[in-house]
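*Asks:* one predicted model, sequence on top.
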Amino acid sequence: MEKKKMRKKLTMALISILALNLFLFLVSAHEPEGWDIPDEYLQEIKEITEQMKNEHPKMWMELSRRVYFCHQISTKIDIIMEDFCNNLIAFILLDPPLQNATVIGLLNYFILLLQPLYGIAILLTGMYMLFVVGSPRGRARAKSTLIKLIIGIGLITLTLPIIQAILQIIHSISSLLFSFVPDLDTNIFRIGITFFTNYFLTITFFEPMVGVPFLFISIMLPIAVLVVLAVRYLMIILFTVFFPFTVLLYSFYPTKKIGGVIIKQTFLWALVPIVESLVLISTWITYSTISISPVPEMGAFIIVVSLLLLIFAPLVTIALMNWIGPGIATLLFIQPVRRVITYFGRTGVKGTNREEGYVELKSEVEK
């Protein structure tokens, strides 16, 4: 009885060793340089394989199925990572085709739709200022709204040049950042993902469900980065088409916050390439610094953190905009408009309450 148990254990051990050897042999194409297996060793594997096929046909079929599954998964991951590494920088720098006939057609349709509304709004605001007796605060708000509407008509007609100029500036900054690191190699992501893929293949061969987290890291993280870039592509088109409505919402005091949020979102998605280029460059510098480390897990950890930062680039952009966004917006847009409104407000308020009206107008603009 003991001999029978010992023989069974020995057989299972040999089968496990054979299975591991077959697994390593069949997925060796996943390694960058492959493995050189001696002919004698292959002959021994072949003999043991024939013996196992005859004595344990069901187990042989299960092992063959798992080896085939692991080989197919490793091949698909290699294809995904090759496309990801070869096209990542191009995808980051890719801007949507705003000159597309469909985009221009929708934009022109919305502009033609809003121009009469702007005319009616300007007429009603002017009539309120001329015929309705109100407080200096109300007159200041009406005057501010009137000037914003007049400026808004010019902005909506220049929607496409404005958005294209912003995208061109961001594209130039991103390209300039990449030019500072000419030897940047995106294949570091393939090396890092290979670390997790090997763990997945090894664990999945013996227990498929345990290797799922490693498969998630190997496949979903690179795909999620590309999804974020695709969403950015679509959001830029969407915000460009609805930019005339954004300007209209920002012109009125009750809807000013809504318009401000949409403008902020437009800048957020436009600035994503700068954030992702900074993340990519930082990853390359960090990985190159620790590449001589004897601990391979360190490099894989850096790659995973980098992929997560690329995925959450819009959130990182929000943090940056909360930090430096108000200063940029004030310098480029708000300050010039504020000066125009303040000038016309100062020269347009008459009567004994001139100073009071100017103070109210100034406080309204500063909000």
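*Replies:* Done, it's in.

*Asks:* could you say which helix or strand holds F196?
*Replies:* Element membership of F196 [criterion: DSSP states H and E] is helix 188-206.

*Asks:* mind listing what's buried along that helix?
*Replies:* 188-205 (16 or more other C-beta atoms under 10 Å). C-beta: built from backbone N, CA, C; applies to glycine.

*Asks:* what packs against that helix?
*Replies:* The contact analysis (3 or more C-beta pairs under 8 Å, 6 or more residues apart in numbering; DSSP states H and E) places helix 188-206 against helix 2-26, helix 57-93, helix 212-241, helix 272-290, helix 296-311.

*Asks:* what angle separates the shortest one from helix 272-290?
*Replies:* I take that to be helix 296-311. If you take axes from the mean of the first three to the mean of the last three C-alpha atoms, to 10 degrees, helix 296-311 sits at 170 degrees to helix 272-290.

*Asks:* then helix 296-311 to PDB, C-alphas only?
*Replies:* What follows is helix 296-311, C-alpha atoms only, in PDB (Å, rounded to 0.1, in the frame of the first residue of the first chain):
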ATOM      1  CA  PRO A 296      13.000  43.700 -10.700                       C
ATOM      2  CA  GLU A 297       9.800  44.400  -8.700                       C
ATOM      3  CA  MET A 298      11.000  48.000  -8.300                       C
ATOM      4  CA  GLY A 299      10.800  48.700 -12.000                       C
ATOM      5  CA  ALA A 300       7.400  46.900 -12.300                       C
ATOM      6  CA  PHE A 301       6.100  49.000  -9.500                       C
ATOM      7  CA  ILE A 302       7.200  52.200 -11.200                       C
ATOM      8  CA  ILE A 303       5.500  51.100 -14.400                       C
ATOM      9  CA  VAL A 304       2.200  50.400 -12.700                       C
ATOM     10  CA  VAL A 305       2.300  53.800 -10.900                       C
ATOM     11  CA  SER A 306       3.000  55.500 -14.200                       C
ATOM     12  CA  LEU A 307       0.100  53.800 -15.900                       C
ATOM     13  CA  LEU A 308      -2.200  54.800 -13.100                       C
ATOM     14  CA  LEU A 309      -1.100  58.400 -13.300                       C
ATOM     15  CA  LEU A 310      -1.700  58.300 -17.100                       C
ATOM     16  CA  ILE A 311      -5.200  56.900 -16.500                       C
END
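
*Asks:* and it, which residues are buried?
*Replies:* 299-300, 302-304, 306-307, 309-311.

*Asks:* G211 contacts Y199, correct?
*Replies:* Yes - using C-beta atoms under 8 Å, G211 is in contact with Y199, at 7.2 Å.

*Asks:* confidence-wise, which of the helices and strands packed on helix 188-206 is weakest overall?
*Replies:* With a mean of 52, helix 2-26 has the lowest mean pLDDT of the helices and strands packed on helix 188-206.

*Asks:* domain ranges for this protein?
*Replies:* Domain assignment for the chain by automatic domain parsing gives 2-85, 92-366.

*Asks:* follow-up on the earlier one: now render the buried residues of helix 296-311 as JSON lines, adding distance to L63.
*Replies:* Below are the buried residues of helix 296-311 laid out as JSON lines (distance: C-beta to C-beta, whole Å):
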{"residue": "G299", "distance to L63": "32"}
{"residue": "A300", "distance to L63": "28"}
{"residue": "I302", "distance to L63": "36"}
{"residue": "I303", "distance to L63": "32"}
{"residue": "V304", "distance to L63": "31"}
{"residue": "S306", "distance to L63": "37"}
{"residue": "L307", "distance to L63": "33"}
{"residue": "L309", "distance to L63": "40"}
{"residue": "L310", "distance to L63": "38"}
{"residue": "I311", "distance to L63": "37"}
